[in-house]
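Enquirer: what's the 3D shape of this:
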Amino acid sequence: MDILDKHTSYLETFLESIQPTDSYNRSTGELVSMLVEWLQRHLSYRVDRVVKSGSFGKGTHVRGYADLDCVMVLNAFTGLGDRRDRGEEVLADIARQINNTRWAINVHKDYYVVKFTMQKGDVKLDVDLLPTFEVLGHYPPSKDTLEGIYRKMLQLGGRDVSFYSAPLCQLQLEFVRLQPTRVKSLIRLVKYWLKVEVGGQEKPGMRYPKSFAMELICIHVWEKAGSPLRFDMAVAFKAVLKQLENYRSMKVVWTKHYSRNIAEQAMRAHSITKPILLDPANPTNNALAWIPQEALDHVAEIARQSMRRQLLRSVVLPYQWDV
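Expert: So this is what the prediction gives:
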């Protein structure tokens with residue numbers, strides 16, 4: 001990652017170079033619109049609502065690297081039972097229909113999602129298509145509505161409760177999308193580091209942190225520093241890397257949508273232990289839960305090495321940013 005071997009004075013210029021251009025955003029937006037229109041007109045299930053998330057929906061994508069989480073509320077699922085019992089059949093059917101189009105390549109599925117890539121000219125878009133059931137109802141949901149949803153989730157087992165991540169996606173999307181522009185620039189920088197620096201050293205078959213975890217860690221570090229609207233990007237970047245180095249002690253919980261009490265109950269009910277990075281939309285989802293310790297240790301070591309290189313070597317963290 002060449003930026004790590006530059007002087008800090010070059011960092012703002014580098015940030016501009018990874019900021020998506022208007023042309024790139026337009027081309028990617030056209031792919032998204034084409035997909036949504038196709039889903040609403042041609043899919044063999046009625047699509048009642050679409051939520052466009054992922055890095056493109058949140059506005060945290062790096063130039064040349066955009067992904068879309070397209071959550072579809074389908075009439076095929078009247079609730080959790082349908083999603084559990086008919087999910088595999090519906091996903092297989094959707095994957096078959098997507099595979100028969102001319103614009104989707106590398107189509108495959110798992111228990112939760114249909115994955116494929118769309119391309120227009122030089123622009124590629126990796127898509128996760130997540131069919132789900134309605135949970136939130138009228139948007140935005142009231143505190144009482146959310147409280148009822150979360151209390152119901154506390155009673156559910158592992159796989160059943162995991163089906164709630166998709167219908168709660170809009171809360172997750174807006175938590176990140178509404179962050180200040182400067183914070184999104186920090187997220188973009190850390191994502192670039194993850195893709196180039198960590199991605200270049202990944203161990204085969206190892207599962208590494210995803211971009212959502214990085215978004216949450218950036219937001220957490222910035223909030224701990226007092227949520228400043230203006231800040232030194234080199235300081236913030238080093239603070240995030242230091243948090244990644246010290247990941248083992250993390251216990252991060254947001255209480256915008258659920259109470260501290262709900263969060264603690266969820267962590268006990270689902271045996272969630274440190275490191276904890278709790279999804280702000282779903283108290284049963286630890287964003288670090290499915291990443292093996294060996295991978296987190298590897299990321300921590302790469303973060304440690306990155307802080308010793310020219311860009312960050314002489315950067316001193318003020319006490320607000322010293323995580």
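
Enquirer: how near is the residue most central in space within the chain to Leu194?
Expert: The centroid of the chain falls nearest to Phe212 when counting by CA atoms, centre = their mean (2.4 Å). Distance from Phe212 to Leu194, counting by CB to CB, to the nearest Å: 11 Å. Heads up, the C-betas are built off the backbone N, CA and C, glycines and all.

Enquirer: ok, back up a step: these two touch, right, the residue nearest to the centre of the chain and Asn285?
Expert: No - under the criterion of CB atoms under 8 Å, Phe212 makes no contact with Asn285, lying 9.8 Å away.

Enquirer: which SSE is the residue nearest to the centre of the chain in?
Expert: In this assignment (DSSP states H and E), Phe212 forms part of helix 211-224.

Enquirer: output that helix as CSV - backbone C-alpha positions only.
Expert: Presented in CSV, the C-alpha positions along helix 211-224 are these (Å, rounded to 0.1, in the frame of the first residue of the first chain):
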residue,chain,number,x,y,z
SER,A,211,-16.3,-4.1,5.4
PHE,A,212,-19.3,-3.7,7.8
ALA,A,213,-17.1,-4.5,10.8
MET,A,214,-14.6,-1.9,9.6
GLU,A,215,-17.3,0.7,9.3
LEU,A,216,-18.4,0.1,12.8
ILE,A,217,-14.9,0.2,14.2
CYS,A,218,-14.2,3.5,12.5
ILE,A,219,-17.4,5.0,13.8
HIS,A,220,-16.6,3.7,17.3
VAL,A,221,-13.1,5.1,17.4
TRP,A,222,-14.4,8.5,16.1
GLU,A,223,-17.2,8.6,18.7
LYS,A,224,-14.7,7.8,21.5
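
Enquirer: helices and strands around that helix, which ones?
Expert: Here helix 211-224 touches helix 169-177, helix 181-193, helix 233-245, strand 251-252, strand 276-277, going by 3 or more CB pairs under 8 Å, 6 or more residues apart in numbering; DSSP states H and E.

Enquirer: try 10 Å this time
Expert: Packing partners of helix 211-224 (3 or more CB pairs under 10 Å, 6 or more residues apart in numbering; DSSP states H and E): helix 54-58, helix 169-177, helix 181-193, helix 233-245, strand 251-252, strand 276-277, helix 293-307.

Enquirer: how about a markdown table for those, with distance to Val36, mean neighbour count and mean pLDDT added?
Expert: Shown next, in a markdown table, are the helices and strands packed on helix 211-224 (distance: least, CB to CB, whole Å; neighbours: other CB atoms under 10 Å; pLDDT from 0 to 100):
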| stretch | distance to Val36 | mean neighbour count | mean pLDDT |
| --- | --- | --- | --- |
| helix 54-58 | 11 | 23 | 97 |
| helix 169-177 | 15 | 21 | 97 |
| helix 181-193 | 23 | 21 | 98 |
| helix 233-245 | 33 | 22 | 98 |
| strand 251-252 | 33 | 16 | 98 |
| strand 276-277 | 30 | 21 | 98 |
| helix 293-307 | 34 | 17 | 97 |
